[in-house]
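My questions concern the predicted model and sequence given below.
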Amino acid sequence: MLTLTSWAQDSDAAPFLTRAGFVPARYFLQMRIDLVQAQLPAAVWPEGVENRCFRLGIDDARLFASFREAFADHWGDAEVSEDEWWSENRIAPNAGYDPTLWFVALDCEAVAGFSICREREADGEVIGWVSLLGVRPRWRGRGLGEALLTQSLSVFRERGHRRAALNVDVENASGALRLYEKTGMTPVPAFTVWSKALRS
């Protein structure tokens, strides 16, 4: 299977890829929020859950294991190897790794959820970017995802960022889209992943 990505701003991409035999496999939205205007409540953590920043060398293995479980039913994520994941999020030059923007929610010693954030440039300004937000199934339905997102956005605002954003799969099965809209984020078309079967 061959896959390609087209940006929403590229109006020529869809007709071209359709003629080439590609079909849309997945649509993604960019969720945006104006941190100056937003009314962000204080993060409310579920009973027994402690939030702190990522600690390199201490949290590595259990954070990746938590990602694997939290994103097990997400399209495409199960195929990412541990080396690829760490490279993309921490090692690559464009990863923007900052452990003070990696939030880990612990229930005793178990990683219940996480928010991996960074700062990135968009349209001539530096904005807050939520790269990954995940809650393991056992801890869902208790407000942990909302607490992690609210905490992340509040820290971005404390750092002086006017805007924050993230990408989300339209068909996300965990209810993430509802969470982002509840928090005051608004959707904008971001990109489409196209696929085409290769001839044998």
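It's in. Numbering: from 1, shown residues only.

now the helix or strand hosting E69: mean pLDDT?
For E69, the host element (DSSP states H and E) is helix 60-70. Mean pLDDT, helix 60-70: 95.

mind listing what's buried in the following helix or strand past that helix?
Proceeding N to C from helix 60-70, the next assigned helix or strand is helix 82-86, under DSSP H and E. Going by neighbour count (16 or more other Cβ atoms under 10 Å), the buried part of helix 82-86 is 85-86. C-beta: built from backbone N, CA, C; applies to glycine.

roughly how far out does helix 82-86 sit from the chain middle?
16 Å (Cα atoms, centre = their mean, to the nearest Å).

name the helices or strands packed onto that helix?
When contacts are defined as 3 or more Cβ pairs under 8 Å, 6 or more residues apart in numbering; DSSP states H and E, helix 82-86 sits against helix 60-70.

from the middle of its chain, how far away would the helix it packs on be?
Its chain's C-alpha centre and that of helix 60-70 lie 14 Å apart, by Cα atoms, centre = their mean.

and what of stretch 127-139?
A distance of 6 Å separates the centroid of the chain from that of stretch 127-139, by Cα atoms, centre = their mean.

What residues sit buried inside that stretch?
Within stretch 127-139, the residues that qualify as buried are 127-136, 139, counting by 16+ other Cβ under 10 Å.

Kindly state the pLDDT recorded for A8?
In this model, A8 carries a pLDDT of 78.

excluding its backbone neighbours, what's nearest it?
Distances taken as Cβ to Cβ, 6 or more residues apart in numbering put P189 closest to A8, at 3.7 Å, once the chain neighbours are dropped.

What mean pLDDT does the host helix or strand of that neighbour get?
Under the criterion of DSSP H and E, P189 resides in strand 186-196. The average pLDDT within strand 186-196 is 85.

Next: stretch 26-46.
Average pLDDT, stretch 26-46: 92.

Tell me the helix or strand right after the longest helix seen in the chain.
Counting by DSSP state H, the longest helix found in the chain is helix 144-158. Using DSSP H and E, the helix or strand that follows helix 144-158 in sequence is strand 163-169.

so what does that following strand touch, helix or strand wise?
With contacts defined as 3+ Cβ pairs under 8 Å, 6+ apart, strand 163-169 has these neighbours: strand 23-34, strand 125-135, helix 144-158, helix 176-182.

Columns distance to P15 on top of those, output as CSV?
Output for the helices and strands packed on strand 163-169, formatted as CSV (distance: least, Cβ to Cβ, whole Å):
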stretch, distance to P15
strand 23-34, 12
strand 125-135, 31
helix 144-158, 36
helix 176-182, 27
